[in-house]
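Asker: predicted model follows, preceded by the sequence.
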Amino acid sequence: MTGETRRTGERLGGRFGRLWAASTLSALGSGMATVAAPLFVATRTDDPLVVSAAAAVAWLPWLLFALPGGVLVDRVDRRRLMIVIDVVRVVALTVLAVEIMTGRAGIVLLYAVLFLANAGEVVFRAASQAVLPAVVPRELLERANGWLGGGHTLTHGMLAGPLGGFLFVLAGSAPFAVNAGTYALSAVLVALVAGTYRATPPDAAGPRPRRSVRADIAEGFRWLAGQRLLRTMTVLIGLLNVTLTAAMAILVLLAQERLGLGSVGYGLLFTCMAVGGLLGSLLGDRMIAAVTATWTIRIGLLTEGVLHLALAASTSAVVIGAALFIFGVHAALWVIVFNSLRQRLTPPALLGRVGSTTLFLAAGGNCVGALLGGVVANAYGLTAPYWVGFVVAVVVAAATWPVFDRATVARAYADPAPERAEEPAVT
């Protein structure tokens, strides 16, 4: 055992089990709606711009609401906020399902519901990540984050696609109705997580001075900017999301023109990555303990480069599939390490804002990358985005390698947790 990670025989407990079930059910429902939305739009129009707008509507809330959402998470009881968000989403999805069932739903209503549901998802995710350190012991954060990631990968990444498509064939309203049901069950499960989860109890130090949203966001940014390890990992996630999303945006063309794959083969490439992600999530705490958090981070940086090199240079579907599988393992491990470090090091009163800053930068990287992939490929050839991704991965690995030295990461794991004002008051 290295001192960077500790494993115990303790169980994660019933409160975590309910939180995990709520998160996993929400991911399943959201994934089905994500698949069904463009299918519904395609039944109303064949305009590519209108169809692609569904994806834009899904991503836009992450840019608009991540930062103010983090402020909200740090100002109110996080568990109650999650319940309210789920209830609002139940109402919105139910209205959409009924309107589709009666033949009155239009594309505008679909976009409005998608926007509302994804705005809720931004805040819900920030709140659930902020609640986790108060639900499980500090030494079990890796295991807990791994199980949360595994549930999301299994349901959203592997099951939601085929299930959402199948339900849409049965009835256009079915995926959205089931999505409403998953949000309702999520609300019930979160309500059963005993305790209150405020960043700062109302009577902890007298009434808190009223501050602007901008001032609270700035406070979160300043704290994160002063943490070299977390700051570096946050910037890396945003930057590497640019190159990864650029690569994935044109993967269908690479699969067809260089690998000779049809639609099934193309889909299996994503399955390879999802299976790797599931494996990494479920075994993540053991794998991180075996190789240390330092080398989990460093090997992950090298894996980024290897993936882009394989996509740029190989014409073998087997090689590409294997590279995507390894990348899936790496992505899961990186999420576990980063989330666990952030939850360990961040004061409870800032957990929402610091977590939402990460979501904001990650979403920004995805949006930029989605546009950049096609632009670079059109200008310089199909493999150009992958060569760019390889060069970027090599440069950032070399530049940040010293940041993740063993002593620094070990100190981060060994530092006592910030004084917790957010101990749950069990009722």
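Answerer: Thanks, I have it.
Asker: return the set of buried residues in stretch 316-335.
Answerer: Residues of stretch 316-335 classed as buried by neighbour count (16 or more other CB atoms under 10 Å): 317, 320-321, 323-335. No exception for glycine: its C-beta is placed from N, CA and C like everyone else's.
Asker: name the residues that touch that stretch?
Answerer: For stretch 316-335, contacts defined as CB atoms under 8 Å, 6 or more residues apart in numbering pick out 145-146, 149-150, 153, 237, 255, 259-261, 265, 268-270, 272-281, 284, 287-288, 296-297, 299-300, 303-304, 306-307, 310-311, 314.
Asker: also stretch 380-388?
Answerer: For stretch 380-388, the external contacting residues (CB under 8 Å, 6+ apart) are 243, 246-247, 250, 253-254, 257-258, 308-309, 311-313, 372-373, 376-377.
Asker: now with 6 Å, please.
Answerer: The contact list for stretch 380-388 (CB atoms under 6 Å, 6 or more residues apart in numbering) reads 246-247, 308, 311-312, 373, 376-377.
Asker: in helices, which of the contacts of stretch 316-335 fall?
Answerer: 145-146, 149-150, 237, 255, 265, 268-270, 272-281, 284, 287-288, 296-297, 299-300, 303-304, 306-307, 310-311 (DSSP state H).
Asker: tabulate the contacts of stretch 380-388 in a markdown table, adding columns for neighbour count, pLDDT and distance to Ala33.
Answerer: Output for those, formatted as a markdown table (neighbours: other CB atoms under 10 Å; pLDDT from 0 to 100; distance: CB to CB, whole Å):
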| residue | neighbour count | pLDDT | distance to Ala33 |
| --- | --- | --- | --- |
| Ala246 | 28 | 84 | 26 |
| Ala247 | 23 | 85 | 26 |
| His308 | 28 | 94 | 31 |
| Leu311 | 26 | 93 | 30 |
| Ala312 | 19 | 93 | 34 |
| Gly373 | 26 | 79 | 25 |
| Val376 | 20 | 84 | 31 |
| Ala377 | 20 | 84 | 30 |
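Asker: show me which of the buried residues of stretch 316-335 is closest to Ala92.
Answerer: Val335 (28.3 Å; CB to CB).
Asker: average model confidence for the helix or strand hosting the closest one?
Answerer: Assigned by DSSP states H and E, Val335 belongs to helix 317-345. Averaging pLDDT along helix 317-345 gives 92.
Asker: helix or strand right after that helix?
Answerer: helix 351-380.
Asker: that next one vs helix 317-345, what angle?
Answerer: Relative orientation of helix 351-380 and helix 317-345, computed by axes from the mean of the first three to the mean of the last three CA atoms, to 10 degrees: 150 degrees.
Asker: centre of the chain to helix 351-380, how far?
Answerer: Relative to the centre of its chain, helix 351-380 is centred 13 Å away, using CA atoms, centre = their mean, to the nearest Å.
Asker: export the helix or strand following it to PDB, keeping only CA atoms.
Answerer: Where DSSP H and E defines the elements, the next helix or strand beyond helix 351-380 is helix 384-400. C-alpha atoms of helix 384-400 as PDB (Å, rounded to 0.1, in the frame of the first residue of the first chain):
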ATOM      1  CA  ALA A 384      -5.400  15.400 -39.300                       C
ATOM      2  CA  PRO A 385      -7.500  15.700 -36.100                       C
ATOM      3  CA  TYR A 386      -5.900  12.500 -34.700                       C
ATOM      4  CA  TRP A 387      -2.400  13.700 -35.400                       C
ATOM      5  CA  VAL A 388      -3.200  17.000 -33.800                       C
ATOM      6  CA  GLY A 389      -4.600  15.100 -30.800                       C
ATOM      7  CA  PHE A 390      -1.400  13.000 -30.600                       C
ATOM      8  CA  VAL A 391       0.900  16.000 -30.600                       C
ATOM      9  CA  VAL A 392      -1.300  17.800 -28.000                       C
ATOM     10  CA  ALA A 393      -1.200  14.700 -25.700                       C
ATOM     11  CA  VAL A 394       2.500  14.400 -26.000                       C
ATOM     12  CA  VAL A 395       3.100  18.100 -25.200                       C
ATOM     13  CA  VAL A 396       0.800  18.200 -22.200                       C
ATOM     14  CA  ALA A 397       2.200  14.900 -20.800                       C
ATOM     15  CA  ALA A 398       5.700  16.300 -21.000                       C
ATOM     16  CA  ALA A 399       4.600  19.700 -19.500                       C
ATOM     17  CA  THR A 400       2.600  18.400 -16.600                       C
END
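Asker: now whichever helix or strand comes after helix 384-400, how far from the centre of its chain.
Answerer: Following helix 384-400 in sequence order, the next helix or strand is helix 406-414 (DSSP H and E). Put simply, helix 406-414 sits 25 Å off its chain's centre (CA atoms, centre = their mean).
Asker: OK, contacts around Thr245?
Answerer: 366, 369-370.
Asker: tell me which helix or strand in this structure has the weakest average pLDDT.
Answerer: helix 48-75 (a mean of 79; mean pLDDT, DSSP states H and E).
Asker: contacts for the next helix or strand after that helix, please.
Answerer: Toward the C-terminus, helix 48-75 is succeeded by helix 78-101 as the next helix or strand (DSSP H and E). With contacts defined as CB under 6 Å, 6+ apart, helix 78-101 is touched by 105, 113, 116-117, 120, 123-124, 127, 130-131, 172-173, 176-177, 179-180, 183-184, 186-187, 190-191, 193, 197.
Asker: do that again at 7 Å, thanks
Answerer: Residues external to helix 78-101 that are found in contact with it (CB atoms under 7 Å, 6 or more residues apart in numbering): 72-73, 105, 109-110, 113, 116-117, 120, 123-124, 127-128, 130-131, 172-173, 176-177, 179-180, 183-184, 186-187, 190-191, 193, 197.
Asker: okay, now the unreliable bits of the stretch 51-200 of the chain?
Answerer: Regions of the stretch 51-200 of the chain meeting the criterion pLDDT under 70 cover residues 51-56, 200.
Asker: let's go with 50 and repeat that
Answerer: For the stretch 51-200 of the chain, no stretch is flagged by pLDDT under 50.
Asker: same question for the stretch 201-350 of the chain.
Answerer: 204.
Asker: so Leu12: helix, strand or coil?
Answerer: Taking DSSP: H, G, I helix; E, B strand; the rest coil as the rule, one finds Leu12 in the coil state.
Asker: my read is that it contacts Gly146, right?
Answerer: No. Between Leu12 and Gly146 there is no contact under CB atoms under 7 Å: 10.2 Å.
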